[in-house]
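K.L.:
Based on what follows, work out the 3D shape:
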Amino acid sequence: MAATALPPSFTALFTPKLVTVLREHYRLADFRADLISGLTVAIVALPLSMAIAIASGVSPDRGLTTAIVGGFIVSLLGGSRFQIGGPAGAFIVLVAATVQAHGIDGLILATLIAGLVLMAAGLLQLGTFIKYIPYPVTVGFTAGIAVIILASQLKDLFGLTLAGGEPGPLWPKLQALAVAWPTVSPSAVALSGLAIVIIAGLRAVRPQWPGLLIAVAAATIVAVVLDLPVDTIGSRFGGIPRGLPAPHLPALSVAKILDVLPSALSFALLGSIESLLSAVVADSMTGRRHRSNCELVAQGVANIASALFGGICVTGTIARTATNVRSGARGPVSGMLHSLFLLAFMLLAAPLASYIPLAALAGVLATVAWNMTERHAFATLLRASRADALVLLVTFLLTVFRDLTEGILAGFGLSLLLFLHRMAQTVDVEQMPSLREDDRADTANGGRVPYDAALATDRDIVVVRISGAFFFGATASVAAALDQIAEHPKAYVIDLSAVPLLDSSAAATLNGFVRKAARWRARVYVAGARPAVRRMLLRHGVRQPEVRFMASVPAAVAQARAAMQAPGATESDEPALPPAAVD
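P.N.:
As a prediction, the model looks like this:
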C-alpha cells in the first residue's frame, strides 16, 4: 500500500525562493544573467515608478523609494523566483483617493497597516483562496483601472490648466477638463505625442530596446534644447533627493488608524490579487510554481518597509515581472539587483530628473493604460456567455464610476452566485425508471451503472438516486423532488453513491425527509454514502434508528424486504462510525 504523503511543514511553505535558488548551486553564470536582467528591469522601472507616483498624487521620489525598498524585500523574501515588486498602476486610484482624504501621513499609515494585513493573510494561508478570483473579474477591474489611469493623465497629456483642483471621480474630472480645454498647450501635446510614438514604434520594430526610457529621454532632450514652456519634475516637485530618507514611523493614534483602515484593507485586497496574479503569469512563462502564502508574507513586509521609508504601496508588477523573465533572469537575485540599480540612479543621476517633462511621463502612463485594457480578452468574454459578460460589465462599470474595491467585491459575489446556480443545476434526483419513460441510448447514463430492473418489482420500496455536489444551493430543488414522490411506500432507499460532497444544509434537508418518512412509518436506508458524507449526516442527526446505512442499493433493498417480511425481527446494519470519527 502506498504511503500517505505528509503535508508540507511550516518551514517548507514559507522558505523564500531565494534560499531555494541558492541551494540549487547558484553559479557565476547565473549571477551574470541576473545582473543583465536586473539592469533591464531597472531601466523599465525607472520612468514607470516616477510616473505612477506622480499620477497617485505624491512626489516622484516616493515611487523610486517604493521600488528600491519594497522591490528588494519582495525578491529577498518572496515565494516567486521572478517577481518584481514596486509601485503599480492599479494602485493609482486608491492611493490618490487616500492622499486626498487623509494626506501623506494617512497614506503611509494605511500602507503600513496593509502590510500587516498581508502578513497575517499569508501566515493564515489565505493565499490559496485569493487565487480563486474569477477571470472576468480580473479583466473587468484591470480594464476599469486602465480607463481611470488614462483619465488621470489627460491634464498633463494636453498641458491643461485647471481653475481649481482636479476632481477624483471620473465624470466630474472629465467635466472639469472639458472646461479647461481652451488652455491646451501645443508643447505638452507635442512631447506626450512624441513619447507615445517612440514607445509604440520601438515596440513594433525593436521590442528588446527600453522604449519607455528612450521615449522619456528623447522628450526631455527636445524640451531642454527647444526650451519648451512645459511643466517638469523640477518645476512641480523641486527635483528628486539624492538618496533614501531615514526610516520613521508615521503618527499613530486610534482615531487615525480607524480613519485609514478602509483604505488599508483595499490596499491589502488589491495588493494580494495583483501580486499573486503576477506570480501566476511568471509561472506560466517559466513552468515554475510559486508559494502564494510565502509571497503574501513578503508583500506584507515590503509594504511595512516601504511605509517606514516614506514610500507607497508595493505589489507584484506584471509588466516588470514579464520583462524580468524575458531578459533571462535565473532567480530573485535579479529583482534585488534591479532595486540596487534604481538606488544608484538616485545617488548619481537624481539632478537630471528635474528636467523630465511631465507630459512625457503622462505619455508613458497612457501607453501603460492602453496595454492594461486587455481588449481581446474583454471582447472574448462579452461573446463567451451572458453570465461572464454580466460579471465583466458589473466589475468594469463599478470600478470606473464607483470604487475599485466595490467593483471587485461585487464582481466576485456575482460570480459566486452564478457559479452556485450552475452547480445547483447539476444536482439530479431521479426515482426508479418506470415503463412510461422515453427510450434512451445505452450510453445515456454516461459512466453511471444503471439500476437493476429487479429493484423495480416491489412497489413498497422507492429507490431515489441523488447525484452531484449536494450543497445549500441545491437543497430546495432536492427537497421539492423528494416531496413530489406520490407514493407513501414502506421503505425509501436513498442512493448517495454519486454524491461527492454534502454540506450541513443538505444534511438538514435529508434529516427533515427522514422525519417525514417516520411519520408515515416508512423505513429510510442510505446506500453508498462516502465516509465524509456519512460523517456529515451523523453530525446532523441522520442516524439509527431513523435511518440505516448500507453499502449499496441492492443490499439496502434486500434489507428492506427482509424487514417487511419479518417486521418483528431485529434488523442488522453496518456498524456505526466510532464517536471520534463522527465528532
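K.L.:
Return the distance of the helix or strand harbouring residue 51 from the chain's centre.
P.N.:
Residue 51 is part of helix 28-55 when elements are defined by DSSP states H and E. How far helix 28-55 lies from its chain's middle: 25 Å, per CA atoms, centre = their mean, to the nearest Å.
K.L.:
Need the per-residue pLDDT for residue 447.
P.N.:
Here, the pLDDT recorded for residue 447 equals 47.
K.L.:
From the contact counts, what lies against the helix or strand following the helix holding residue 51?
P.N.:
Counting by DSSP H and E, the next helix or strand C-terminal to helix 28-55 is helix 60-65. Contact here means 3 or more CB pairs under 8 Å, 6 or more residues apart in numbering; DSSP states H and E; on that basis helix 60-65 packs against helix 28-55, helix 233-237, helix 333-349. For glycine as for every other residue, the C-beta is placed from the backbone atoms N, C-alpha and C.
K.L.:
can you tell me which residues contact residue 241?
P.N.:
By CB atoms under 8 Å, 6 or more residues apart in numbering, residue 241 lies in contact with 61, 346, 350.
K.L.:
Look up how far residue 314 lies from it.
P.N.:
Distance of residue 241 to residue 314, given as CB to CB, to the nearest Å: 20 Å.
K.L.:
swap in residue 127?
P.N.:
16 Å.
K.L.:
So for these two, which sits in the more crowded spot?
P.N.:
Remark: of residue 127 and residue 314, residue 314 carries more neighbours, 35 against 25, as counted by other CB atoms under 10 Å.
K.L.:
isn't the more buried one right next to residue 306, touching?
P.N.:
Yes - assessed by CB atoms under 8 Å, residue 314 is found in contact with residue 306 at 5.0 Å.
K.L.:
Can you pull out the low-pLDDT segments for the protein?
P.N.:
1-6, 131, 426, 431-458, 486-487, 566-583 (pLDDT under 70).
K.L.:
if we can go back for a sec, of the helices and strands packed on helix 60-65, which stretch is the most buried?
P.N.:
helix 28-55 (a mean of 23; mean count of other CB atoms under 10 Å).
K.L.:
need the contact list for residue 368.
P.N.:
48, 51, 89, 149, 319.
K.L.:
The fourth one: neighbour count?
P.N.:
For residue 149, the number of neighbouring residues by other CB under 10 Å comes to 23.
K.L.:
Kindly report the same for the third one.
P.N.:
Using other CB under 10 Å, the number of residues around residue 89 comes to 26.
K.L.:
circling back to that earlier point, reformat the contacts of residue 368 as CSV; add distance to residue 108.
P.N.:
Shown next, in CSV, are the contacts of residue 368 (distance: CB to CB, whole Å):
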residue, distance to residue 108
48, 21
51, 20
89, 20
149, 22
319, 25
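K.L.:
Name the surrounding residues that touch stretch 187-199.
P.N.:
So stretch 187-199 is contacted by 156-159, 211-212, 214-216, 218-219, 222-223, 228-231, 357-360, 362-364, 366-367 (CB under 8 Å, 6+ apart).
K.L.:
Now the buried members of the residues you listed.
P.N.:
Using 16 or more other CB atoms under 10 Å as the burial test, these include 156-159, 211-212, 214-216, 218-219, 222-223, 228, 230-231, 357-360, 362-364, 366-367 as buried.
K.L.:
returning to what we had before: which of the contacts of residue 241 sits closest to residue 555?
P.N.:
Residue 555 has its nearest neighbour among the contacts of residue 241 in residue 61, at 75.9 Å by CB to CB.
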